[in-house]
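Novice: need a 3D model of the following:
(one chain, ligands or ions: 1)
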Amino acid sequence: MIQGVENPIVTTYVYETFDKLKRECEELNIPLIFKIVKPKLEDRFFVKVIGRGYPTPTNIFRWCTDKLRINPVKQLIDKDEKAVILLGVRSSESEQRDRTISKHRTDNEYYLKQSGSSKNIIFSPIINHALEDVWLTLRYNKLPKSIDFNQIRTIYQDAESECPVYRESKGSSCGNSRFGCWTCTVVRKDKSMGNMIENGYSELKELYAFRNWIAEFRDNTKYRCSYRRNGVKGLGPITLEGRKIILEKLLITEQLSGLNLISKDEINRIYELWEVDKTNLNYQENALQHRI
Ligand code: SF4
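Specialist: Numbers count the residues shown, from 1 in each chain. Model prediction:
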């Protein structure tokens, strides 16, 4: 399995639970269709950063949430005339989240509007649950059996985290120091990952080191173009040399961690995009480079 940029511990848990849930639904004759969506090749994190030279996300240039999390779901549901999206969002998680919820309220407290879509609606059955209610439900509800309470509790305890991803406004990571991408550089420090390593998940060490390294590398002007892609002078994409360094570092991280972090398709696309930039007359790394 290619890891991608989701926290590997969470990925494994999700895939395992997904399989069990599928089987449980079949046994109970519940007609649910299960699909795991992924960003399209062009939008994957490493294709954007290493292929196109996007700086890893910051709180003022957070290009990732739509591409990595929102769009893959949209692409799936947009094929349908209408879709109901089930989301485990809760009130009172944070002031920011409350503001987002109020902006999307409808007449029914359990339904929220979806940004940018009038045909879809968000169903949020646990919107009024307190955090304790969620854990008590997981602990004491008889169904679904496939959610292993002890396993999920251990993961959250070890990360000293709360709940996963929901789209927030500019400024905070969509994980908000909970479980997000292991490459997330929107947060200054990935506390969950740090806590998990301290609690024995040693396989995350190399990923954590890569994340910290790239967060600094991104801001090194030596590896940033002095022109943006629109030709305007200013801090631009990561240079081709910078992108090569990142790819090398990623492949070393892959070897050291023993995890599959990037696919062949992604690497091939990255090489193609490098070639495109080499011949792109609008791509300029510095003032000395010849421009037409
Ligand atoms: S967790 Fe961070 S990198 Fe991942 S989509 Fe959210 S803000 Fe972007």
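
Novice: for the stretch 151-292 of the chain, which residue gets nearest to the ligand?
Specialist: Gly180 (2.6 Å; C-beta to the nearest ligand atom). In this view, the C-beta of every residue, glycine as well, is placed from N, C-alpha and C.

Novice: mind listing the strands for this protein?
Specialist: For the chain, applying DSSP state E gives strands covering 84-86, 111-114, 117-123.

Novice: partner strands of the longest one, with direction?
Specialist: Yep, that's strand 117-123 we're talking about. Its sheet considered, strand 117-123 pairs with strand 84-86 (parallel), strand 111-114 (antiparallel) by DSSP bridges.

Novice: possible to save these as TSV with distance to the ligand and mean neighbour count?
Specialist: TSV is the format used below for the strands paired with strand 117-123 (distance: least, C-beta to the nearest ligand atom, whole Å; neighbours: other C-beta atoms under 10 Å):
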stretch	distance to the ligand	mean neighbour count
strand 84-86	17	12
strand 111-114	18	18
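
Novice: mean pLDDT lowest where, among the ones you listed?
Specialist: Mean pLDDT is lowest for strand 84-86 out of those, coming in at a mean of 89.

Novice: show me the residue at the heart of this structure, geometrically.
Specialist: Geometric centre of the chain, nearest residue: Cys181, 4.4 Å, by C-alpha atoms, centre = their mean.

Novice: could you measure Asn230 against Gln284, distance?
Specialist: For Asn230, the distance to Gln284 (C-beta to C-beta, to the nearest Å) stands at 11 Å.

Novice: among those two, which residue is more densely surrounded?
Specialist: The neighbour count for Asn230 versus Gln284, taken as other C-beta atoms under 10 Å, is higher for Gln284 (19 against 8).

Novice: tell me who's in contact with the residue nearest to that one when sequence neighbours are not counted.
Specialist: Once flanking residues are discounted, Gln284 sits nearest to Tyr227: 4.3 Å by C-beta to C-beta, 6 or more residues apart in numbering. Contact analysis of Tyr227 by C-beta atoms under 8 Å, 6 or more residues apart in numbering lists 233-234, 236, 284-286.

Novice: same thing with Leu28?
Specialist: Leu143.

Novice: one step back: so what pairs up with the residue nearest to Gln284 in the strands?
Specialist: Listed beta-bridge partners, Tyr227: Lys233 (assigned using DSSP bridges).

Novice: isn't Asn193 right up against Glu206?
Specialist: You called it Asn, but residue 193 is Met. No. Assessed by C-beta atoms under 8 Å, Met193 is found out of contact with Glu206, at 11.3 Å.

Novice: look at the two and report which has more neighbours.
Specialist: Met193 (26 against 18).

Novice: any idea of the pLDDT on the residue nearest to that one when sequence neighbours are not counted?
Specialist: Computed as C-beta to C-beta, 6+ apart, the closest residue to Met193 that is not its neighbour in sequence is Tyr208, at 5.1 Å. pLDDT, Tyr208: 96.
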